[in-house]
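*Asks:* Below: sequence and its predicted model.
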Amino acid sequence: MRADRLKTLRTVLDETNGRLNVDGDPGARVWPSGFDALDKSLGGGFRSGELVLLGSRPGLGKTTFALQAARNLVASDHSVVYFSFEHDNHSLLERLIIMEAAEIAGSGAVQLPALRQAFGAPRSTDQIMEGRLAGTEGGAEAVQALQGYSQRLHLHRSSGAETSVEVMIGAIESIREDTGQTPFVVVDYLQKVHSAEPVADRRRNTRLSEEDRTTYVVEGLKDMALDLAVPVLALVAVEKCGLAAATRTRLQDFRGSSALAHEADVVLILNNKFDVVARHHLMYNLANAEQFHHWVVMSIAKNRSGVDSVDLELRKRFEHSRFDTDGGHVQEQLVDDRVFVE
């Protein structure tokens, strides 16, 4: 047990005064995601000690959002560690390059097929990335930009057979020791985190159910967020019942355990906008309805530190592995929900 878990209120008062005396922040630190409407709704961004869950059906941009938030943070001098169970480091690098190229060159920036063609070109006279991407729109400049913040973004090639919450804690503490910075933590994704079976279960030679494994992991991630004073953004898969087309994903559709809803401080859910707008928006303006396919709705389903039941919209730019960051509140009526009014 950590020695500093038990404190008197007097100690907490003295610690807070000490931080104020050196112009420190006595409360939770905030890591802004770079998505303006989301940061405003969350009181500035993600907060230290909080566990944030992001869930959706496959293909709606969970990894895209998480990696873009990570990029935004390191570009603004924060540190990030990205635990990736789904993608190797080179795949994440490719996404970062085309994302950064779009930041620099806009809609005409290099896309993934051209990037891979440049990397895979045989007998190229250019043996480094900048040279190979020199003929692309924004590619070489993107690599230069990545070099500028590369020391602050830590990629952990995680394994469901080995990477447990304890391993994550060790990596975070190592980053703190090496850099002096507390990193923002991304877990992609929660259901793949290794969960060692308790001694009693091993002795009985029984296997934990997915619900039990998920409970151990989500409780461990929440404890990690509190003990290390870091924000943790964990991506979450949904149950089969939540995969049906043209339905709205809800918190109860998250796969694994009711502990997900209990332990999380913030829950974000992505849905295709076309699937969740009220029917009358689709019936009376078909041309406008087609535009809904280009947007996702990000719902704040839970927020212990502020408002929830907020629906935001983000424009997909998946050809550049990103969303537009200037999305706002959804104005249309959604299925079974009221329109949010500021």
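*Replies:* Yep, that arrived. Residues are numbered from 1 along each chain as shown.
*Asks:* low-confidence ranges in the stretch 51-200 of the chain?
*Replies:* 123-127, 197-200 (pLDDT under 70).
*Asks:* how close does residue 166 get to residue 195?
*Replies:* 10 Å (CB to CB, to the nearest Å). Using the backbone N, CA and C atoms, a C-beta is placed for each residue, glycine as well.
*Asks:* quick one, phi/psi of residue 269?
*Replies:* phi -130, psi 130 (degrees, to the nearest 10).
*Asks:* can you pull the contacts of it?
*Replies:* Neighbour list for residue 269: 54-56, 249-251, 298-299, 301 [criterion: CB atoms under 8 Å, 6 or more residues apart in numbering].
*Asks:* If you drop the residues flanking it in sequence, what lies closest to it?
*Replies:* In space, and not counting its chain neighbours, residue 269 is closest to residue 299: 4.7 Å by CB to CB, 6 or more residues apart in numbering.
*Asks:* Beta-bridge partners for the one you found, please?
*Replies:* Assessed by DSSP bridges, residue 299 has beta-bridge partners residue 269, residue 311.
*Asks:* my guess is it contacts residue 310, does it?
*Replies:* Yes - between residue 299 and residue 310 there is a contact at 7.1 Å, judged by CB atoms under 8 Å.
*Asks:* Could you point out the longest helix of this structure?
*Replies:* helix 210-228 (DSSP state H).
*Asks:* After it, heading C-terminal, what element do we hit next?
*Replies:* strand 232-236 (DSSP states H and E).
*Asks:* List the buried residues in the helix or strand that comes right after that following strand.
*Replies:* The first helix or strand that comes after strand 232-236 along the chain, using DSSP H and E, is helix 259-263. Neighbour-count burial for helix 259-263 flags 259-260, 263 (criterion: 16 or more other CB atoms under 10 Å).
*Asks:* And for stretch 132-140?
*Replies:* For stretch 132-140, a neighbour-count test (16+ other CB under 10 Å) marks 132-133, 136-140 as buried.
*Asks:* And stretch 219-232, by the same measure?
*Replies:* Counting neighbours by 16+ other CB under 10 Å, stretch 219-232 gives 219-222, 224-225, 228, 230-232 as buried.
*Asks:* Output it as PDB, nothing but the C-alphas.
*Replies:* Extracted in PDB, the C-alpha atoms of stretch 219-232 (Å, rounded to 0.1, in the frame of the first residue of the first chain):
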ATOM      1  CA  GLU A 219     -10.900  -0.800 -11.800                       C
ATOM      2  CA  GLY A 220      -7.100  -1.000 -12.400                       C
ATOM      3  CA  LEU A 221      -7.200   1.900 -14.900                       C
ATOM      4  CA  LYS A 222      -9.200   4.100 -12.600                       C
ATOM      5  CA  ASP A 223      -6.800   3.400  -9.700                       C
ATOM      6  CA  MET A 224      -3.900   4.200 -12.000                       C
ATOM      7  CA  ALA A 225      -5.400   7.500 -13.000                       C
ATOM      8  CA  LEU A 226      -5.900   8.500  -9.400                       C
ATOM      9  CA  ASP A 227      -2.600   7.200  -8.000                       C
ATOM     10  CA  LEU A 228      -0.400   8.700 -10.800                       C
ATOM     11  CA  ALA A 229      -2.600  11.800 -11.200                       C
ATOM     12  CA  VAL A 230      -2.900  11.200 -15.000                       C
ATOM     13  CA  PRO A 231      -5.900  11.400 -17.300                       C
ATOM     14  CA  VAL A 232      -6.600   8.000 -19.000                       C
END
